[in-house]
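> Mind folding the following:
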Amino acid sequence: MHKPYVLVYVTETVDGRIASRTGFSRLSCPYDLKRLHWFRTWSDAIVVGAGTVIKDDPLLTVRYVKGRNPIRVVIDGRLRIPLNARIITDKSAKTIIFTSTYADNEKISKLRSKGVEVYVVGETPKLSIRKVLELLYSIGIRRVLVEGGGELLWSFFSEGVVDEVRVTIAPYIFGGKEAIGMVMGLGFKDTNEAIKLELKEIMLCECKNEVHIVWKVI
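Predicted structure coming up:
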């Protein structure tokens, strides 16, 4: 399989939440934001799920450091994201959407008329991440940054396509059964099934109150 190098970057609370029960997810200190945006400049494409676009309406551009904008990629099996989402209306970076035959054809046409590239890559709303990565590789994408959310990260980890994991631990505790964990989905049943990681680096953030940890996937 030919695929890009896949880096997962997450900022989470001490108890492993990337968003509270209300969806609040702004956890990064200014230094963590700069670090994240540097990795945006490093990547050829940044990948998020439809839920992230719907909840946060992100731009997914580089703002806190100097550098080029990566291609914005959305995994959206049902084509749920709104036509007025900022990644659609903002033209400072290219946007690609991967969807399935469940998507509305008229909406696909509208998105394409707005300059968005739409690929139909599956017959069910749950898309094959491997197929998505192979297609990205075929159009020249060699480095991919995945920022979430939890369901999308489960798809990446469960299909075994992640190469590197970077996690910033922010000094908060959210708790709550409805808060969003770093990886959601079905989950692995034990450590035999689980993704195995090799610790590469632990860094104290410049703010002196966060820790940034780097693992390679074994």
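> List the contacts of the one helix or strand Leu7 maps to.
Secondary structure assignment for Leu7, by DSSP states H and E: strand 5-13. Under the contact criterion Cβ atoms under 8 Å, 6 or more residues apart in numbering, strand 5-13 has outside partners 18, 27-28, 32, 36, 39, 43, 133, 142-148, 153, 156, 161-170, 172-174, 182. For glycine as for every other residue, the C-beta is placed from the backbone atoms N, C-alpha and C.
> ok, Val62 - contacts?
For Val62, the contacting residues are His37, Arg40, Thr41, Arg68, Asn69, Pro70, by Cβ under 8 Å, 6+ apart.
> what do you get if the cut-off is 7 Å, keeping everything else the same?
When contacts are counted by Cβ atoms under 7 Å, 6 or more residues apart in numbering, Val62 is found next to His37, Arg40, Thr41, Arg68, Asn69.
> Could you work out the most separated pair of those?
Between any two of those, the greatest separation by Cβ to Cβ is 11.4 Å, found for His37 and Arg68.
> More neighbours: the two, which one.
His37 (18 against 12; other Cβ atoms under 10 Å).
> SS state for the more buried one?
Here His37 is helix, with the state taken from DSSP: H, G, I helix; E, B strand; the rest coil.
> State the number of residues packed around the residue nearest to it when sequence neighbours are not counted.
Take His37 and drop its neighbours on the chain: the residue closest to it by Cβ to Cβ, 6 or more residues apart in numbering is Tyr64, 4.3 Å away. The number of residues packed around Tyr64, counting by other Cβ under 10 Å, is 16.
> how close does Tyr64 sit to Thr99?
30 Å (Cβ to Cβ, to the nearest Å).
> ok, now Val183?
When Cβ to Cβ is the yardstick, Val183 and Thr99 sit 23 Å from each other.
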